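[1] got a structure for you, letters missing:
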DNA sequence: TATATTCCCTACCTTTTTTGTAGACTAATA
DNA sequence: TATTAGTCTACAAAAAAGGTAGGGAATATA
């Protein structure tokens, strides 16, 4: 399951996308509108900024804004950024690969299946973008 | 990611499947062969017994054994049993459904995408069985 | 340049989940 | 009836998730 953090991130991103015309949006506005703890949301937005998804502006008239058009923001990227691996096993993760203990990959049938699951999942999450989850499509 | 618990469960299940001919297998044997903490494994096997996947026999010559042929044990069932929901959001889970807070499902584009992910995942996990992950296929 | 505004950063705290352990109990078998 | 082996309840440690506090730094504007 996606963590609250990632779920909040999606709430924030769709809010930003739907209000792009207004220019930079205050953290506090997103927090109120989408009912997310202000300080927790601060962390999340900052993390997304560092990952290159959001931009920000300080001082009066400041706030956060999307740095790319919604159709260029892959859902897979957001999930990986905040939740880590999408794969079900470390040994089949493309971005967070780790060897499995107690299991030789060459002879383990599980990783083949899990690689198939991963591919099927990514087929959706890498194709779909922020634009696809907006309310006013 | 799958929890250790579920990963251990798969180790145990494949061991049981590969040694079916030997009759009931001791917890301690699986624990040693697959390097899993004995007491932790006890809990896991018991849970699978209660869920109807394993049978057991007490006393000398006892142990655990598969109650169904490996090709009848869906991977999805094992995962759900020990890890819970397979879906990425509670509101698109078939077996563990819960309403999402702060999000009206009718107008939330996220759940449509996540339902698609779920379907793609289940396409694999409900088709593949314990037999498909055995070493000596 | 003073001040208000707003994001930035570090550190911490609480709760929940995961992972693992202890020990007594019950059932089967020889 | 002694031994073997699973069953059950409870607990505990460690890790992860979720959330909070408070000051610092950059910006805008008067």
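    Cool, got the structure. Worth saying up front: this structure is predicted, and the values here are computed from it rather than measured. Residues are numbered from 1 along each chain as shown, chains lettered A, B, ... in the order given.
[2] contacts, neighbours, all on C-alpha from now
    Will do.
[3] grab the nearest non-local neighbour of the residue nearest the centre of chain A.
    Among the residues of chain A, the one closest to the centroid is residue A:78, at 1.7 Å (Cα atoms, centre = their mean). Distance criterion Cα to Cα, 6 or more residues apart in numbering or on different chains; nearest residue to residue A:78, sequence neighbours excluded, is residue A:6 at 7.5 Å.
[4] helices or strands next to the helix or strand hosting the residue nearest to the centre of chain A in the packing?
    In the assignment (DSSP states H and E), residue A:78 maps to helix A:75-83. Packing partners of helix A:75-83 (3 or more Cα pairs under 8 Å, 6 or more residues apart in numbering or on different chains; DSSP states H and E): helix A:4-18, helix A:109-125.
[5] buried residues, the longest one. List them.
    Translated: helix A:109-125. Neighbour-count burial for helix A:109-125, counted by 16 or more other Cα atoms under 10 Å in any protein chain shown, picks out A:109-122, A:124-125.
[6] cool, the shortest one as well?
    By neighbour count, with 16+ other Cα under 10 Å as the criterion, the buried positions of helix A:4-18 are A:5-18.
[7] next one: that helix, is it in contact with DNA strand D?
    Yes - using Cα under 7 Å from any atom of the strand, helix A:4-18 reaches DNA strand D at A:4-5.
[8] which bits of chain A sit near DNA strand C?
    A:25-28, A:42-43, A:45-46, A:49, A:56-64.
[9] filter those to the buried ones?
    Neighbour counting by 16+ other Cα under 10 Å classes A:25-28, A:45-46, A:49, A:56, A:63-64 among those as buried.
[10] pLDDT for those residues - can I get that in a markdown table?
    Listed next are those as a markdown table, based on pLDDT from 0 to 100:
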| residue | pLDDT |
| --- | --- |
| A:25 | 98 |
| A:26 | 98 |
| A:27 | 98 |
| A:28 | 98 |
| A:45 | 98 |
| A:46 | 98 |
| A:49 | 98 |
| A:56 | 98 |
| A:63 | 98 |
| A:64 | 98 |
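[11] coming back round to it: now do the helix holding residue A:78 against helix A:109-125, angle only.
    Angle of helix A:75-83 versus helix A:109-125, following axes from the mean of the first three to the mean of the last three Cα atoms, to 10 degrees, is 120 degrees.
[12] which outside residues touch helix A:75-83?
    If you take Cα atoms under 8 Å, 6 or more residues apart in numbering or on different chains as the criterion, helix A:75-83 is touched by A:2-3, A:5-6, A:9, A:48, A:51, A:86, A:122, A:125-130.
[13] how about stretch A:87-97?
    Contacts to stretch A:87-97, defined as Cα under 8 Å, 6+ apart, come from residues A:84-86, A:98-100, A:105, A:111, A:114-115, A:117-118, B:1-2.
[14] show me the shaky parts of chain A.
    Chain A contains residues with pLDDT under 70 at A:102-107, A:136-137.
[15] contact residues of it facing DNA strand D?
    Within chain A, the positions near DNA strand D by Cα under 7 Å from any atom of the strand are A:3-5, A:37-40, A:43, A:57-62, A:83.
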